[in-house]
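1. attaching a predicted model along with its sequence, questions to come.
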Amino acid sequence: MKIAILSRKPSLYSTSRLVEAAQARGHQADVIDTLRCYMNITSADPNIHYKGVELEQYDAVIPRIGASITFYGAAVVRQLEMMGVFCVNDSVAITRGRDKLRSLQLLSKKGIGMPITGFAHSLDEITDLIKMVGGPPLVIKFLEGTQGIGVVLVETTKAARSVLEAFLGLKVNIMVQEYIQESGGADIRCFVIGGKVVAAMKRQSRSPEEFRSNLHRGGTATTATDITEEETNMAVRAAHIIGLNVAGIDIVRSNRGPLIMEVNGSPGLEGIEKTTGIDVAAEIIQFIETGTEEANEKDFNGRG
């Protein structure tokens, strides 16, 4: 089987591990720079050109698309879908998952628990917005932020108003979220593949002063040996609602039960693999094998 991995750099841990896992199972794996792809979208025979030549036909693609190139990356995945390539995560799911507000709205509609979250555009509504989410302390997040960047904890109403005025004044899209103090700066990252949680780790912020548990922000991680059935089911449901076959689902434990904090459609492999010792990359390749077989069977039966 021929597998394309959309990624800016072959040297990235997640990208290199996927190549290694694919080759270990006897597949060809090529790293394709997403931004070097270009397309003729009016062609009756959809294709993609790459570095001056037409891209060869692949059986499957694994999108590893960074937040800064979501729009273009999703367009490339869409073109591959039109070419009949099996996409681990499709273009619609990628854009849903990348939009924090949209993904939370979809989860809320299906009754998934999450922190109280507010969203506004006008500076005139800041006071009521702060009250709506329960008042300080509260968390202010950039909708486009990743790896804990653009996430601010504010302790007072005055500080919250100042930060919100600054961000809204800069025309930055933000949301305001209830701070789950009882979580103690910890969350659970569940790695979902094909409707199953294949690995889970507990992430802990580096100090009482740092509430963000992201490993990129200095957090530590241990295997989540005490993950509950409710948390597992919640992670699987969240990935399904957004439409993601492969996802990182972040859950916090609150006094009212587990709550979804975020859905990540392009989760990194380094933290989860090194923490749990589970070969997550191989799990993704096995999912592709099953998925392409099922797609081929449907295609065959449809022609029959």
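-> Happy to help now that I have it.

2. how many neighbours does R189 have?
-> Other residues lying near R189 total 27 when counted by other CB atoms under 10 Å. Glycine gets a C-beta too; all of them are placed from N, C-alpha and C.

3. same deal with A282?
-> A282: 18 neighbours (other CB under 10 Å).

4. phi, psi for T42 please.
-> phi -90, psi 0 (degrees, to the nearest 10).

5. so how far is T15 from it?
-> Look at T42 and T15: by CB to CB, to the nearest Å, they are 32 Å apart.

6. check the nearest residue to K196 once chain neighbours are set aside and give its pLDDT.
-> Excluding the flanking residues, the one nearest K196 by CB to CB, 6 or more residues apart in numbering is V236, at 7.0 Å. Looking at V236, its pLDDT reads 98.

7. hey, where'd the strands end up in the stretch 1-150 of the chain?
-> Secondary structure of the stretch 1-150 of the chain by DSSP state E, counting those that start in this stretch: the strands cover 2-6, 28-32, 37-39, 48-50, 53-54, 60-63, 86-87, 117-118, 138-142.

8. what are the buried residues along the fourth one?
-> Using 16 or more other CB atoms under 10 Å as the test for burial, strand 48-50 gives 48, 50.

9. report all helices and strands that that strand contacts.
-> strand 37-39, helix 70-82 (3 or more CB pairs under 8 Å, 6 or more residues apart in numbering; DSSP states H and E).

10. helices or strands up against the longest one?
-> Okay, so that is helix 70-82. strand 2-6, strand 37-39, strand 48-50, strand 60-63, strand 86-87, helix 91-98.

11. just to revisit the earlier point, out of the strands of the stretch 1-150 of the chain, deepest packed?
-> strand 60-63 (a mean of 25; mean count of other CB atoms under 10 Å).

12. that one: partners in the sheet, and parallel or antiparallel?
-> strand 2-6 (parallel), strand 86-87 (parallel) (DSSP bridges).

13. perfect, that will be all.
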